[in-house]
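**Q** give me coordinates for this.
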Amino acid sequence: MTKRIGIGALAYLVPTFALGFVWHLVAFKRYYDDLAMYRHDVIIPFGLLSMGIQAVLFAWVCEVAFARRAPNARGMLSFALFGAVLSWRFTTIAVAAKNVMTSVPDYLLIESAFTAVQWALVGPLMTLVHSKGNASARVLETR
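**A** Okay, the predicted model is just below:
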């Protein structure tokens with residue numbers, strides 16, 4: 001179980017960090033600059049630390065609350081939806097409520113899109129890792 005949580009955490013962390021870096025600091029940098037809400041000297045290690053904590057917690061929740069109870073596609077889709085809604089709550093709604101920005105609707109739009117893309121990537125990856133029926137899960141269980 002511990003190895004599967006570790007691999008599940010990586011299945012969250014790697015694509016989330018890569019997507020977050022490209023999305024916020026490259027592809028939509030001007031959009032975020034126009035929102036005037038982020039510091040100019042973004043502290044990337046803090047972002048990575050935050051994502052690392054999220055990764056471990058989401059992997060643990062996936063394993064304990066979803067994979068054990070409903071180790072099928074429907075149960076794991078429920079996990080991806082749970083993760084997306086929870087992420088959206090603390091990365092989008094809460095930030096929009098308390099941060100200064102030029103346009104709350106524009107921020108809600110871009111961050112909602114980010115969360116949708118993020119969970120479209122990490123949901124299936126974490127499902128694969130935590131699926132009781134796949135070969136990698138069986139290998140991890142025997143170790």
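**Q** state the distance from residue 110 to residue 28.
**A** According to Cβ to Cβ, to the nearest Å, residue 110 and residue 28 sit 6 Å apart. Heads up, the C-betas are built off the backbone N, CA and C, glycines and all.
**Q** residues near the closest residue to residue 108 other than its chain neighbours, how many?
**A** Of all residues not flanking residue 108 in the chain, residue 96 sits nearest, at 5.7 Å (Cβ to Cβ, 6 or more residues apart in numbering). If you count neighbours by other Cβ atoms under 10 Å, residue 96 ends up with 16.
**Q** got phi/psi on residue 96?
**A** Main-chain dihedrals, residue 96, degrees, to the nearest 10: phi -60, psi -30.
**Q** ok, it - contacts?
**A** By Cβ atoms under 8 Å, 6 or more residues apart in numbering, the contact set of residue 96 is 104, 107-108, 111.
**Q** ok, residue 36 next?
**A** 100-102.
**Q** ok, now residue 122?
**A** By Cβ under 8 Å, 6+ apart, the contact set of residue 122 is 11-12, 15-16, 80, 83.
**Q** for this structure, what helix or strand is lowest in average pLDDT?
**A** One helix or strand of the chain scores below all others by mean pLDDT, DSSP states H and E: helix 135-142, with a mean of 45.
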